[in-house]
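Participant: predicted model follows, preceded by the sequence.
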Amino acid sequence: MRTILLTGFEPYGSTPINPAEQVARRLDGVEVEGARVVARIVPNVFFACIERVAAAIRELRPEAVVMLGEYPGRAVVTVERLAQNLNDGTRYGLVDNAGVRLQDQLTAPDGPAAYYSTLPIRAMVAAVRAAGVPADISDTAGTFCCNHLMYGTLHHLAAEQSPIRAGWIHLPALPEVAARVEHLGLPSMSAETSAAGVRAALVAIQRHPTDVAETVPSRLQI
């Protein structure tokens, strides 16, 4: 059976429960359009996370890699268009889970400035919306570990000249995290709703070897 590798980050920073981990675990083993979802939880640690995903790719040889992370402050599921070759966690006041603080350091000194997702992002967003889950395309994956891992994985696949498609989906914070006093007012989405959205996106990936041409309208620039 064909395989989709689905990754999720562990807790980090002020997020004690990461929706990416929760959703990845919920979808582990699910069959989508003839493909089996295999989830891997990766450490929120610069460079180590890239190697962990690269190892899973070598092990599983999936036909697609879908990586999940949390983007606090967003109210919708966002499918990332691109990842940039830059790390700057200091702007968020964040260190990774190994205590490393990066500012203006490249993920790959020999790499291009950015990589585009190779997933059908318009088809994915349209499918998530059709499933009743708010979603949009995002043009900024941030400059912390999510962007870092997306860039590093795409760089790894490019270096291998691999046909495996890969990209990133950001999820809103969980309600139980938004309920914390220090996060009051933060948009949130339940793990069940996020999982339904991600599953719809996985279906779209399987149904669309290339992206659709139809415009997916946006209300906000994110």
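Facilitator: The structure has been received and is ready for your questions. Numbers count the residues shown, from 1 in each chain.
Participant: in the protein, where's the longest helix?
Facilitator: For the chain, the helix with the greatest residue count under DSSP state H is helix 191-207.
Participant: which elements pack onto it?
Facilitator: If contacts are counted by 3 or more Cβ pairs under 8 Å, 6 or more residues apart in numbering; DSSP states H and E, helix 191-207 sits against strand 2-9, helix 19-27, strand 31-32, strand 35-42, strand 64-70, strand 77-80, helix 121-130, strand 165-171. For glycine as for every other residue, the C-beta is placed from the backbone atoms N, C-alpha and C.
Participant: ok, residues contacting the longest one?
Facilitator: Spelled out, that is helix 121-130. For helix 121-130, the surrounding residues in contact (Cβ atoms under 8 Å, 6 or more residues apart in numbering) are 77, 79-81, 134-137, 167, 169, 197-198, 200-201, 203-205, 207-208, 211-216.
Participant: got the buried residues for it?
Facilitator: For helix 121-130, burial by neighbour count (16 or more other Cβ atoms under 10 Å) applies to 121-129.
Participant: send the alpha carbons of that helix over as PDB?
Facilitator: Output in PDB follows, covering the C-alpha atoms of helix 121-130 (Å, rounded to 0.1, in the frame of the first residue of the first chain):
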ATOM      1  CA  ILE A 121      -2.100  23.800  -2.100                       C
ATOM      2  CA  ARG A 122      -5.100  25.400  -3.800                       C
ATOM      3  CA  ALA A 123      -6.800  22.000  -4.100                       C
ATOM      4  CA  MET A 124      -6.000  21.300  -0.400                       C
ATOM      5  CA  VAL A 125      -7.500  24.500   0.800                       C
ATOM      6  CA  ALA A 126     -10.700  24.100  -1.300                       C
ATOM      7  CA  ALA A 127     -11.100  20.500   0.100                       C
ATOM      8  CA  VAL A 128     -10.600  21.600   3.700                       C
ATOM      9  CA  ARG A 129     -13.200  24.400   3.200                       C
ATOM     10  CA  ALA A 130     -15.600  21.900   1.600                       C
END
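Participant: ok, back up a step: give the buried residues for the longest helix of the chain.
Facilitator: By 16+ other Cβ under 10 Å, the buried positions in helix 191-207 come out as 191, 193-206.
Participant: contacts for that helix?
Facilitator: The set of residues external to helix 191-207 that reach it, using Cβ under 8 Å, 6+ apart, is 4, 6, 19, 22-23, 26-27, 30, 32-35, 37, 64, 66, 68, 77, 79, 119-120, 123-128, 130-133, 135, 165, 169, 171-172, 174.
Participant: hmm, 6 Å instead?
Facilitator: 4, 19, 22-23, 26-27, 32-33, 35, 64, 77, 119, 123-124, 127-128, 131, 133, 171 (Cβ atoms under 6 Å, 6 or more residues apart in numbering).
Participant: does L94 touch S14 like I think?
Facilitator: No. Contact criterion Cβ atoms under 6 Å: L94 and S14 do not qualify, at 8.8 Å.
Participant: more neighbours: which of those two?
Facilitator: For L94 versus S14, neighbours defined as other Cβ atoms under 10 Å are more numerous around L94 (18 against 13).
Participant: for G8, see how far away the more buried one is.
Facilitator: 18 Å (Cβ to Cβ, to the nearest Å).
Participant: between strand 2-9 and the longest helix of the chain, find me the angle.
Facilitator: Relative orientation of helix 191-207 and strand 2-9, computed by axes from the mean of the first three to the mean of the last three Cα atoms, to 10 degrees: 140 degrees.
Participant: alpha carbons only: can I get helix 191-207 in CSV?
Facilitator: Output of helix 191-207 as CSV, limited to C-alpha atoms (Å, rounded to 0.1, in the frame of the first residue of the first chain):
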residue,chain,number,x,y,z
ALA,A,191,-8.1,18.7,17.6
GLU,A,192,-11.2,17.0,16.1
THR,A,193,-11.9,19.9,13.7
SER,A,194,-8.2,20.3,12.8
ALA,A,195,-7.9,16.5,12.1
ALA,A,196,-11.0,16.7,9.9
GLY,A,197,-9.4,19.5,7.9
VAL,A,198,-6.1,17.7,7.6
ARG,A,199,-7.8,14.5,6.5
ALA,A,200,-9.6,16.4,3.8
ALA,A,201,-6.3,17.9,2.7
LEU,A,202,-4.7,14.5,2.4
VAL,A,203,-7.6,13.3,0.2
ALA,A,204,-7.0,16.3,-2.1
ILE,A,205,-3.3,15.4,-2.3
GLN,A,206,-4.1,11.9,-3.4
ARG,A,207,-6.7,13.2,-6.0
